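Chemist: sequence first, then the predicted structure, then my questions.
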Amino acid sequence: RRVARWGAAAYKDHRVNHWDRVRSGEAEVDLIGRQHRAEKGKMQLDHSEATHVLEVYEESCRSSGTVANTRAKRELLEEKCDLAHAALGRAGVAAIGLAMQINTTVTHLDLRDNDIDELGFKDLMQGLMDNGGLRFLDLSGNPGPGRLGIEALCNILDPHVRKQPTIVELRLARCQVTSVQGAALVRVLASNHSVKTLDVSHNALGAETARALPDFFEENSVCSSLDLSYNVFTQASAKEIADGVRDNITVRRLILRNNGLEEAGCVALGEMLGVNAGIEEMDLSCTRMGPAAALVMAASLGRNTTLRTLHLSQNPLGERGGQRLLAALDTSDTLRAISMHGAQLNSAPADVAESLWQREAVRRAAEAAKGDVKKTKKTGASSKKGGKSAPPPLLPPVTSKFDPGGFTFDPGHPDGRYVLNLDRPLEFSIAAKLLQLEESGPGQNIVNVTYRGKQMTEDPLAKGWPGAMPTRGVLQFDFVTREGAPPGSKTIAPDTLEN
């Protein structure tokens, strides 16, 4: 049997006249309908197709004067073709594209960091036009598709050009995509019904792309994950995005971190969360979100029924904004975590905000184990013996220091009665802070300790708390410092006290 060979020099002719050649009998190789076979859970080419794919690849390399990549020859026969950091360049990726025309096995193609320029993108996309099996395509970290590359990419995604686009996950991070090019891509994806995950982070997307997004959110019904982080979107862009995604129920994950959205843009996105019924994770870290936007966001969280994770790290949220967000986390039935690492909360205790993410992980682990976190054994002698005793009768009565309507805990003046639900990250953090004060301070400060309605007879510190403190249940105790009156104070006369 005579096997047709096409090299890089004949690439254009092959692309245009390929099916005519097959029908006319010039090539006696059946390029479609190849049979697969499963071996150990991985799809592989049959021998005849494997041979033909490698022959096409090697001939293309010889015609362009490049050396065939040994790794490429191996990976082209696998379902997941990993050619990241392979230094293929334009000629190498053109040969890959030619081989992919007849490859019916590869479903994942990873070409990250291969120095693919505009013409390389174009050659690759022209090769992928005839491929009907590719599902995942990662082109991140290449110099840039440019206008020609984006046009070629749009052709394989546009259902009006290609009847059935197949790509499910597309990644174009760090590809120097401009805002105009991003807008062209978004307009095509509005009518695309295959791409579920789109990553265009670390590019130069801005106003033009933002203006195209509302139509995308309105028309597209499949894309559930959209990463727009590390671009140049502004507060005006944020308003466009908020207006577009407001009524969208398809997008589950929206990443906008490291964009200059400013206070007004984040306010618009916060208001959007009050009515959106689809987003489950949103990232607004490092977007210059201020206290006003934090208050709007907290109010919207009370109405939202789908959001589970919210990232607000590295923003000047302010003390009041941070308090309201923490309160919203405590009262929400669906929200599981708010990340505020590095957020500026002014006088709010930093350890509370910074520990939220870790606290949520502990809580989930405890739920998975269907019980409390296992208590650690006592590792050393404690200077405190026995259970807690009642405070001396001459001390003034303690009053509740914890206000359920807001965060009023002041570690500088901790005296008071505490009733803390350890299921809630905020109240768990307060309990841990008070136990640390008890451990580091002189004497005994925590008394009348009850856990889950039962009096504790053993010192919590001797049980390994706060490190081994359970993450569920209600903990109640009194914290008394016994500082006494300042030096030089005089006794108040009974008549004066009564008045």
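Modeler: Great, that's in hand. Since this is a predicted model, take the numbers as computed values, not measurements.

Chemist: list the contacts of the helix or strand where Glu240 lies.
Modeler: Remark: Glu240 resides in helix 235-245, with elements defined by DSSP states H and E. Helix 235-245 is contacted from outside by 206-207, 209-211, 213-218, 228, 233, 251, 254, 256, 259-266, 268-269, 271-272, 276, 279, using Cβ atoms under 8 Å, 6 or more residues apart in numbering. C-beta: built from backbone N, CA, C; applies to glycine.

Chemist: next step: these restricted to strands.
Modeler: Leu254 (DSSP state E).

Chemist: OK, contacts around Arg187?
Modeler: Contacts of Arg187 by Cβ under 8 Å, 6+ apart are Ala212, Asp215, Phe216.

Chemist: ok, the last one - how many residues close by?
Modeler: In terms of burial, Phe216 registers 25 neighbours under the definition other Cβ atoms under 10 Å.

Chemist: distance of it relative to Ser332?
Modeler: Taking Cβ to Cβ, to the nearest Å as the measure, Phe216 and Ser332 are separated by 29 Å.

Chemist: again with the first one
Modeler: Ala212 sits 33 Å away from Ser332, taking Cβ to Cβ as the criterion.

Chemist: so for those two, which residue has more residues nearby?
Modeler: Ala212 (23 against 18).

Chemist: quick check: that one touching Ala183?
Modeler: Yes. Using Cβ atoms under 8 Å, Ala212 makes contact with Ala183 at a distance of 4.2 Å.

Chemist: and the strands in the stretch 301-450 of the chain?
Modeler: 309-311, 337-339, 416-421, 446-451 (DSSP state E, counting those that start in this stretch).

Chemist: output the contacting helices and strands for the first one.
Modeler: With contacts defined as 3 or more Cβ pairs under 8 Å, 6 or more residues apart in numbering; DSSP states H and E, the secondary structure elements packing on strand 309-311 are strand 281-283, strand 337-339.

Chemist: how many other residues sit next to Ser63?
Modeler: By the criterion of other Cβ under 10 Å, Ser63 has 19 neighbours.

Chemist: to clarify, my last question referred to Leu198.
Modeler: 22.

Chemist: got it, and Pro442?
Modeler: When neighbours are defined as other Cβ under 10 Å, Pro442 has 7 of them.

Chemist: ok, the one 4 residues further on next?
Modeler: Neighbour count of Ile446, defined by other Cβ under 10 Å: 23.

Chemist: same deal with the one 5 residues further on?
Modeler: Residues lying near Tyr451 (other Cβ under 10 Å) number 16.

Chemist: which non-adjacent residue is nearest it?
Modeler: Closest residue to Tyr451 apart from its sequence neighbours, by Cβ to Cβ, 6 or more residues apart in numbering: Leu475 at 5.3 Å.

Chemist: how big is the angle separating the helix or strand harbouring that neighbour from strand 416-421?
Modeler: Using DSSP H and E, Leu475 sits within strand 474-479. For strand 474-479 against strand 416-421, the angle between stretch directions is 170 degrees (axes from the mean of the first three to the mean of the last three Cα atoms, to 10 degrees).

Chemist: buried set for strand 474-479?
Modeler: Leu475, Gln476, Phe477, Asp478, Phe479 (16 or more other Cβ atoms under 10 Å).

Chemist: quick one on the thing from earlier: from the contacts of Arg187, which land in helices?
Modeler: If you go by DSSP state H, those have Ala212, Asp215, Phe216 in helices.

Chemist: can you put those residues in JSON lines and add pLDDT?
Modeler: As requested, the ones in helices among the contacts of Arg187 are exported to JSON lines (pLDDT from 0 to 100):
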{"residue": "Ala212", "pLDDT": "97"}
{"residue": "Asp215", "pLDDT": "96"}
{"residue": "Phe216", "pLDDT": "96"}
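
Chemist: Asn131 is in contact with Met100, isn't it?
Modeler: Yes. Asn131 lies in contact with Met100 (Cβ under 8 Å); the separation is 5.0 Å.

Chemist: these two: which has the busier surroundings?
Modeler: Neighbour comparison, Asn131 and Met100: the larger count goes to Met100, with 24 against 19 (by other Cβ under 10 Å).

Chemist: could you measure that one against Met129, distance?
Modeler: Distance of Met100 to Met129, given as Cβ to Cβ: 10 Å.

Chemist: with Glu218 instead?
Modeler: Counting by Cβ to Cβ, the separation of Glu218 from Met129 is 28 Å.

Chemist: which one of those two has more residues nearby?
Modeler: Neighbour count, other Cβ under 10 Å: between Glu218 and Met129, Met129 has more, with 17 against 13.

Chemist: what sits against that one?
Modeler: By Cβ under 8 Å, 6+ apart, the contact set of Met129 is Asn155, Ile156, Arg162.

Chemist: check the second one and give its pLDDT.
Modeler: What the model reports as pLDDT for Ile156 is 94.

Chemist: what's the helix or strand for Arg71?
Modeler: Here Arg71 sits within helix 70-75, counting by DSSP H and E.

Chemist: tell me the buried residues in that helix?
Modeler: Across helix 70-75, burial judged by 16+ other Cβ under 10 Å covers Ala72, Glu75.
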